[in-house]
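1. attaching a predicted model along with its sequence, questions to come.
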Amino acid sequence: MASVVFQNVRGAPQGEPVAIRGNIRRLSTIAKRYGNPARPFMVSVIRDGDPLVVSDVTVRPRKQWPKTLVGKTDTVLITYLPRGGGAQGKQAGKQIGMAVAAIALAIALPGIGAAIGLTGPVAALGGLVSWSTVLTAGAAGIPVSQSVHLKRARRPEEPA
């Protein structure tokens, strides 16, 4: 009896194998019935005795699905592809930009202090504080650096 096996791109199982019911033989019908339409996937037909791996020989392009018949002892392997995006993908550019800005600010801070007349230990202390922020961000992650710089930027001035 033919069956359908689900896996992700890494080959990890994604649910239990399902036995194909009835006289369904056409690959397009099997893919439509058992594949999740909300997720991108590719379909392979593994002939009896072959290993359950995705290869150039086993993968069937979508155009061939209506013409491909599945034998009674074959296995249809549905491999779900990564969707990508999500919160990580949308925020990645912003995080990279903030990291570059944090490093640029840390490098420029001692020079800015000297330009406005801070010299000696005060300018050196500003340089140490900014470099420690960069090192902390490198060790603990970029969001730490972002929050430190945002707090400094948003801190209201105290009345004199």
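-> Yep, it's here.

2. strands of this structure, start to end?
-> Ranges of strands in the chain, per DSSP state E, are 3-8, 18-19, 41-46, 59-60, 75-80.

3. need those in CSV (columns: distance to residue 31).
-> For glycine as for every other residue, the C-beta is placed from the backbone atoms N, C-alpha and C. Output for the strands of the chain, formatted as CSV (distance: least, Cβ to Cβ, whole Å):
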stretch, distance to residue 31
strand 3-8, 9
strand 18-19, 13
strand 41-46, 5
strand 59-60, 9
strand 75-80, 7
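
4. select, out of those strands, the one closest to residue 103.
-> Closest approach to residue 103 among the strands of the chain (Cβ to Cβ): strand 3-8, 36.3 Å.

5. on that earlier part again, ok, which of the strands of the chain comes nearest residue 32?
-> Among the strands of the chain, if distance is taken as Cβ to Cβ, the winner is strand 41-46, at 10.5 Å.

6. quick one, the closest one and strand 3-8 angle?
-> Going by axes from the mean of the first three to the mean of the last three Cα atoms, to 10 degrees, strand 41-46 is angled at 130 degrees with respect to strand 3-8.

7. distance of residue 43 relative to residue 104?
-> 49 Å (Cβ to Cβ, to the nearest Å).

8. related to what we said a few turns ago, okay, the strands of the chain in TSV with mean pLDDT and distance to residue 25 next?
-> Shown next, in TSV, are the strands of the chain (pLDDT from 0 to 100; distance: least, Cβ to Cβ, whole Å):
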stretch	mean pLDDT	distance to residue 25
strand 3-8	93	13
strand 18-19	92	14
strand 41-46	94	11
strand 59-60	94	14
strand 75-80	94	11
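
9. no further questions, thank you.
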